[in-house]
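*Asks:* next comes the sequence, and after it the predicted model I'd like to discuss.
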Amino acid sequence: MAGLGGVEARRMFGGRGVFRAGLMFALIADDMLYFKTDEANVGRFEGRGLPPFTYLAKGERKSLRYFQAPPEVFDEAQAMTEWARDAFECALRNQKPKAAKPKSAARKKASR
């Protein structure tokens, strides 16, 4: 993902989250790479028959909005950059606004 720049992987949930600019746009679990999806890009994955990331929780199969990366991303740097950029753009579209700090906490910090 060097073509995208500023990418880092962090340990989480028995796998790794892949981040850029503080936003998680991919995950690695069980030696598989999954990219973040939403309504705008999920058809690209489904059209290729790529499966979603799933996990077992309390005996129930759950899934997240991450789909398996296509095989060519591991052989073609340009393909990796393109798919990773698409997933990062998805993360940008879906980022939640940061919650404002309570006023009392902000005052305490300012008085230090």
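*Replies:* Looks like it arrived, so ask away. Numbers count the residues shown, from 1 in each chain.

*Asks:* how about the closest residue in space to residue 19 that isn't next to it in sequence, secondary structure?
*Replies:* Spatial nearest neighbour of residue 19, excluding adjacent residues (CB to CB, 6 or more residues apart in numbering): residue 8 at 5.4 Å. Any C-beta I mention is one placed from the backbone N, CA and C, and that applies to glycine too. Three-state assignment for residue 8 (DSSP: H, G, I helix; E, B strand; the rest coil): strand.

*Asks:* can you give me the mean pLDDT across the longest helix that the chain contains?
*Replies:* Criterion DSSP state H: the longest helix present in the chain is helix 77-93. Averaging pLDDT along helix 77-93 gives 96.

*Asks:* which elements pack onto the longest strand that the chain contains?
*Replies:* For the chain, the strand that runs over the most residues, judged by DSSP state E, is strand 60-68. The elements that strand 60-68 packs onto, with contact taken as 3 or more CB pairs under 8 Å, 6 or more residues apart in numbering; DSSP states H and E, are strand 23-29, strand 32-36, helix 42-46, strand 52-57.

*Asks:* and the ones you listed, which one's lowest on average pLDDT?
*Replies:* strand 52-57 (a mean of 92).

*Asks:* so what strands line up beside that one?
*Replies:* Here strand 52-57 is paired, per DSSP bridges, with strand 60-68 (antiparallel).

*Asks:* pull the CA atoms of the partner strand into CSV?
*Replies:* Output in CSV follows, covering the C-alpha atoms of strand 60-68 (Å, rounded to 0.1, in the frame of the first residue of the first chain):
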residue,chain,number,x,y,z
GLU,A,60,-23.7,-16.3,16.1
ARG,A,61,-22.1,-15.4,12.8
LYS,A,62,-21.7,-11.6,12.4
SER,A,63,-20.3,-9.6,9.5
LEU,A,64,-18.7,-6.2,9.2
ARG,A,65,-18.7,-3.8,6.2
TYR,A,66,-15.3,-5.2,5.0
PHE,A,67,-14.9,-7.5,2.0
GLN,A,68,-12.0,-9.7,1.0
